[in-house]
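**Q** Sequence first, predicted coordinates after that:
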Amino acid sequence: MFAFIVTRVAVGAGLVLLVLTLIFAALHLVPGDPAVLLLSRGDGTAPSQAAVDALRGQLGLNQPLVAQYWNFLIGVVTGDLGTSFRTHEAVVASIAGRLPRTLELVVFATLLSIAVGIPLGTLAARRRGAVDTTISTLTSIGVALPVFVFGSVLVLAFSIWLGWLPAGGFTAWNQDPVAHLKGLILPGVALAVGFSAIIARMTRSSVQEVMNQDWVRTAKSFGLSPFRVLRRHVLRNALTPIVTVVGLGFGVLLGSTVLVERVFNYPGLSSLLVESVSTRDYPVVQGIVIVIAVMFISINIVVDVLYGFLDPRVRR
């Protein structure tokens, strides 16, 4: 098992290096001089050559490309992602102030999706007929429903009409724990609807496939209760594809928060990304992309390791 984990970590490290290389290449393949773009006022007036040369020297753009790439990698490894052009704050500090909020929202939506999706999928697999048809219809609607549309409906229903929950914003935990939790509910539910539908559909398919296996019929023939057969023989073997969906879906939710944070005015990492793109704050955009890419690859490594624990055949 140790060799299996080391191999997966090594592959993940190689993927991180590849992603960093692609990010560096993409930034240098974009037409135009970053120094000129940063100094442009938007009125058509070209900046002076002296100002452009000074800024290029400040940003290290006058160095050879190999040296720039090396400094870029060293900065990522040491946690130095540069300084924001807009706020003059360290990029790491800007990301650190927003990342926990987005992670909290994504973790809440993931746990909610698992708590709803797995029981619904299991129920649909065991109850053929009207129950299965109803759940399958609901999950199809959940998958097809755009997150920003459902989020807007939630705001209209629970904030404007009923007044039960806040329409958006963020309250720190140390200021008001109750208001903090209330602020998570609507954006978390908006994120979780589509994801829980995907988990339910995968659970239904996986459980149905396992229930048709010979060892399940053997366990039933021994007189074991249906609940015990489901818990000990069906769900454990059906979890492998579900873990994959949950792991990959967690990374997808990080991207989906862009729309949710805009709808609910939630000050997370995705809203910082949108602000930085609109203001051409390239160091912050680059830092956020790096953080999300590294997190996504790390999640895949964890999923692969869980695969090894759940199914020993994967380790071979």
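**A** Noted; the coordinates are in hand. This is a predicted model, so every value here is computed, not measured.
**Q** now what about stretch 170-183, what contacts it?
**A** Taking contacts as Cβ atoms under 8 Å, 6 or more residues apart in numbering, the residues outside stretch 170-183 that touch it are 101, 165-166, 168-169, 266-267. Every C-beta, even on glycine, is put in place using the N, C-alpha and C of the backbone.
**Q** what do you get for stretch 100-112?
**A** Under the contact criterion Cβ under 8 Å, 6+ apart, stretch 100-112 has outside partners 170, 184, 187-189, 191-192, 195-196, 246, 249-250, 253-254, 257, 260-261, 266-270.
**Q** And for stretch 72-85?
**A** Outside stretch 72-85, the residues touching it (Cβ under 8 Å, 6+ apart) are 20, 24, 38, 89-92, 94-95, 276, 279-284, 286-287, 290.
**Q** ok, now stretch 155-163?
**A** Contacts for stretch 155-163 (Cβ under 8 Å, 6+ apart): 164-168, 186, 263-264.
**Q** Is it possible to mark the buried ones in the contacts of stretch 170-183?
**A** Among the contacts of stretch 170-183, those classed as buried by neighbour count (16 or more other Cβ atoms under 10 Å) are 101, 165-166, 168, 266-267.
**Q** could you dump the residues you listed to a markdown table with secondary structure?
**A** Conversion of the buried ones among the contacts of stretch 170-183 to a markdown table gives the following (DSSP: H, G, I helix; E, B strand; the rest coil):
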| residue | secondary structure |
| --- | --- |
| 101 | helix |
| 165 | coil |
| 166 | coil |
| 168 | coil |
| 266 | coil |
| 267 | coil |
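**Q** which sections of the stretch 51-200 of the chain are below the confidence cut-off?
**A** Counting by pLDDT under 70, the stretch 51-200 of the chain shows low-confidence ranges at 52, 55-61.
**Q** if you set the cut-off to 80 instead, what comes out?
**A** Per-residue confidence for the stretch 51-200 of the chain (pLDDT under 80) gives these ranges: 51-65, 68, 82-83, 85-88, 125-126, 128-129, 168-169.
**Q** which residues of it fall in helices?
**A** For the stretch 51-200 of the chain, the helices defined by DSSP state H, counting those that start in this stretch occupy 65-78, 91-126, 130-144, 147-154, 177-211.
**Q** got the buried residues for the third one?
**A** The reference is to helix 130-144. Applying a neighbour-count criterion of 16+ other Cβ under 10 Å, the buried positions in helix 130-144 are 132, 135-136, 138-139, 142.
**Q** Surely residue 113 touches residue 203?
**A** No: because the distance of 11.0 Å does not satisfy Cβ atoms under 8 Å, residue 113 is recorded as not touching residue 203.
**Q** sorry, back to before: hmm, which two among the contacts of stretch 155-163 are most spread apart?
**A** The distance between the two most remote of the contacts of stretch 155-163 (Cβ to Cβ) is 17.4 Å, for 164 and 263.
**Q** if I pick residue 249, what's in contact with it?
**A** Taking Cβ under 8 Å, 6+ apart, we find residue 249 in contact with 110, 113, 195, 198-199.
**Q** Tell me who's in contact with residue 213.
**A** With contacts defined as Cβ under 8 Å, 6+ apart, the neighbours of residue 213 are residue 237.
**Q** now it: how far from residue 195?
**A** Residue 213 sits at a distance of 28 Å from residue 195 (criterion: Cβ to Cβ, to the nearest Å).
**Q** quick revisit: distance to residue 207 added to the contacts of stretch 155-163, as JSON lines?
**A** Output for these, formatted as JSON lines (distance: Cβ to Cβ, whole Å):
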{"residue": "164", "distance to residue 207": "35"}
{"residue": "165", "distance to residue 207": "34"}
{"residue": "166", "distance to residue 207": "38"}
{"residue": "167", "distance to residue 207": "38"}
{"residue": "168", "distance to residue 207": "38"}
{"residue": "186", "distance to residue 207": "31"}
{"residue": "263", "distance to residue 207": "34"}
{"residue": "264", "distance to residue 207": "34"}
